[in-house]
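*Asks:* model this:
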Amino acid sequence: MDQPAAYRAPTPEEAVGQYGDTVYRLAYAKTGSRSDADDIYQEVFLRYLRTRPAFESPDHAKAWFLRVTLNCMKSFWGSTFRRRTVPLDETLPTEDNPSDGSMESYLRRLPEQYRAVIHLFYYEDLPTAEIARLLRRRETTVRVQLMRARQMLREMMEKEDG
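*Replies:* Below is the predicted model of the structure:
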């Protein structure tokens, strides 16, 4: 009987190529800021370089990158620097906060917990069971959050259309 070939973990360059967009999109979806997403992106790939984890499959590797991205975001939001930062007045136009009616601008206005669920479901095409595992939430919680996020998005769009 032949043993299945072992999965070879990607080199750092391959990892950035394969998972860079995924990591950045999730970081941006959760933070709503390009500069914060850049910081998280950098931290995720530094952790990959330091630990060089062994993966069983490409799905396992993707799950590792998503989980580490979520963990880096938790560390980022809890950092002393972040707690001492005062946000700019939201009425100021910035690159990270356009109010142009695009889906991206609607998503940025959702509460963080809903942005993550929407991003993982629609952009990463993950099933609710996998999202629940990654976010360490119940599957029913994820389904409810998806439902509420869709409703919030619908209301935002209707409000701006009418």
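
*Asks:* By mean pLDDT, flag the weakest helix or strand of this protein.
*Replies:* The least trusted helix or strand in the chain, going by mean pLDDT, DSSP states H and E, turns out to be helix 80-84, with a mean of 48.

*Asks:* Is residue 53 part of a helix or strand, or is it coil?
*Replies:* Classification of residue 53 using DSSP: H, G, I helix; E, B strand; the rest coil returns coil.

*Asks:* Quick check: which element contains residue 148?
*Replies:* Assessed by DSSP states H and E, residue 148 sits inside helix 139-161.

*Asks:* Could you list every helix and strand in contact with that helix?
*Replies:* The elements that helix 139-161 packs onto, with contact taken as 3 or more Cβ pairs under 8 Å, 6 or more residues apart in numbering; DSSP states H and E, are helix 103-109, helix 112-118, helix 128-135. For the C-beta atoms, the positions are set from N, CA and C on the backbone; glycine is no exception.

*Asks:* For residue 58, which non-adjacent residue is spatially closest?
*Replies:* Nearest residue to residue 58, sequence neighbours excluded (Cβ to Cβ, 6 or more residues apart in numbering): residue 7, at 7.1 Å.

*Asks:* Assess the claim that that neighbour and residue 57 are in contact.
*Replies:* Yes. Counting by Cβ atoms under 8 Å, residue 57 is a contact partner of residue 7 at 5.3 Å.

*Asks:* Comparing the two, which residue is more hemmed in?
*Replies:* The neighbour count for residue 7 versus residue 57, taken as other Cβ atoms under 10 Å, is higher for residue 7 (14 against 10).

*Asks:* So for that one, what's the pLDDT?
*Replies:* Per-residue pLDDT puts residue 7 at 76.

*Asks:* For it, which three-state class applies?
*Replies:* Secondary structure for residue 7, judged by three-state DSSP, is coil.

*Asks:* Please apply the same query to residue 48.
*Replies:* Here residue 48 is recorded as helix under three-state DSSP.

*Asks:* Let me know the pLDDT of it.
*Replies:* If you check residue 48, the pLDDT there is 95.

*Asks:* same check, this time on the one 3 residues further on
*Replies:* The per-residue pLDDT reported for residue 51 equals 92.

*Asks:* So which residue is smack in the middle of this structure?
*Replies:* residue 26 (2.0 Å; Cα atoms, centre = their mean).

*Asks:* name the element that residue belongs to?
*Replies:* Assigned by DSSP H and E, residue 26 falls in helix 12-31.

*Asks:* Packing partners of that helix?
*Replies:* On a contact count with 3+ Cβ pairs under 8 Å, 6+ apart, helix 12-31 meets helix 34-51, helix 58-78, helix 112-118.
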